[in-house]
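J.: Have a look; sequence and predicted model below, questions after that.
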Amino acid sequence: MSRIGRMPIAVPAGVTVDIAENNHVTVKGPKGTLERTLPSEMEIKLEGDEITVTRPNDLKKMKSLHGLTRTLLNNMVVGVSQGYTKELEVNGVGYRASKAGKVLTLNLGYSHPVEMTDPEGLESKVEGNKITVSGIDKEKVGQYAAEIRDKRRPEPYKGKGIKYADEVIRRKVGKTGKK
């Protein structure tokens, strides 16, 4: 049995879950609404304030979909009740980030500033050298944070670039001169 798949999902107060045909799930909460069509083979039941996911048989495909379906549902419930955040740090001399309206401007040592517009449903904040991306959809938050990081990835010699706050950069030793 899938260890993750068989765990029930607790639905907190203030969150409503609607399961329509073809496993089209709508989750409404204090922070917003998320919709998603989950694999139709899985059986999703709402009993009181708990959601359970069961699979029809033990085929390899069903086993892999079981845990996935439960995790996607849980991410939706947590998203509309608490939301998700990702923190990035800008390191390097002259590397800066600033925010004007919905436009994030990054000065990353290129000849031009890099401008990024916040996607629908996401918000980014800049405090000093920290960028915080927040929203209710875990996938979108992670994707946007990854796109920001891709504008200038951290390099291993001086550690310059944009990195996640919890990321550890493996440093390398530079060249040594002849004697």
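T.: On my side now, so go ahead.

J.: what about the strands in the protein?
T.: Assigned by DSSP state E, the chain shows strands spanning 9-10, 16-19, 24-29, 32-37, 43-47, 50-54, 84-91, 96-100, 103-107, 114-117, 122-127, 130-135, 161-164.

J.: Run through the neighbouring helices and strands of the shortest one.
T.: This points to strand 9-10. If contacts are counted by 3 or more Cβ pairs under 8 Å, 6 or more residues apart in numbering; DSSP states H and E, strand 9-10 sits against strand 50-54, helix 60-81. Every C-beta, even on glycine, is put in place using the N, C-alpha and C of the backbone.

J.: swap in the fifth one?
T.: Counting contacts by 3+ Cβ pairs under 8 Å, 6+ apart, strand 43-47 is packed against strand 16-19, strand 50-54.

J.: switch to 10 Å and redo it
T.: Applying 3 or more Cβ pairs under 10 Å, 6 or more residues apart in numbering; DSSP states H and E, one finds that strand 43-47 contacts strand 16-19, strand 50-54, helix 60-81.

J.: and residue 175, which of the strands of the chain is closest to it?
T.: strand 161-164 (19.9 Å; Cβ to Cβ).

J.: what's the closest one in contact with?
T.: Applying Cβ atoms under 10 Å, 6 or more residues apart in numbering, the contact partners of strand 161-164 are 86-92, 95, 97, 106, 108-109, 129, 131, 145-146, 148-155, 169.

J.: from those residues, which would you call buried?
T.: The neighbour count (16 or more other Cβ atoms under 10 Å) marks 86-92, 95, 97, 106, 108, 131, 145, 148-149, 152, 154, 169 as buried among the contacts of strand 161-164.

J.: Ok, which of the helices and strands packed on strand 43-47 comes nearest residue 41?
T.: Nearest to residue 41, of the helices and strands packed on strand 43-47 and by Cβ to Cβ, is helix 60-81 at 6.3 Å.

J.: Any stretches of the chain with poor pLDDT?
T.: Low-confidence segments of the chain, defined by pLDDT under 70, span residues 1-2, 179.

J.: Apply 80 and report the result again.
T.: By pLDDT under 80, the low-scoring segments of the chain are 1-2, 177-179.

J.: Residue 11 reaches residue 18, doesn't it?
T.: No - counting by Cβ atoms under 10 Å, residue 18 is not a contact partner of residue 11; they are 11.6 Å apart.

J.: between those two, which one's more packed in?
T.: Set side by side, residue 11 and residue 18 show more neighbours around residue 11, with 19 against 11, by other Cβ atoms under 10 Å.
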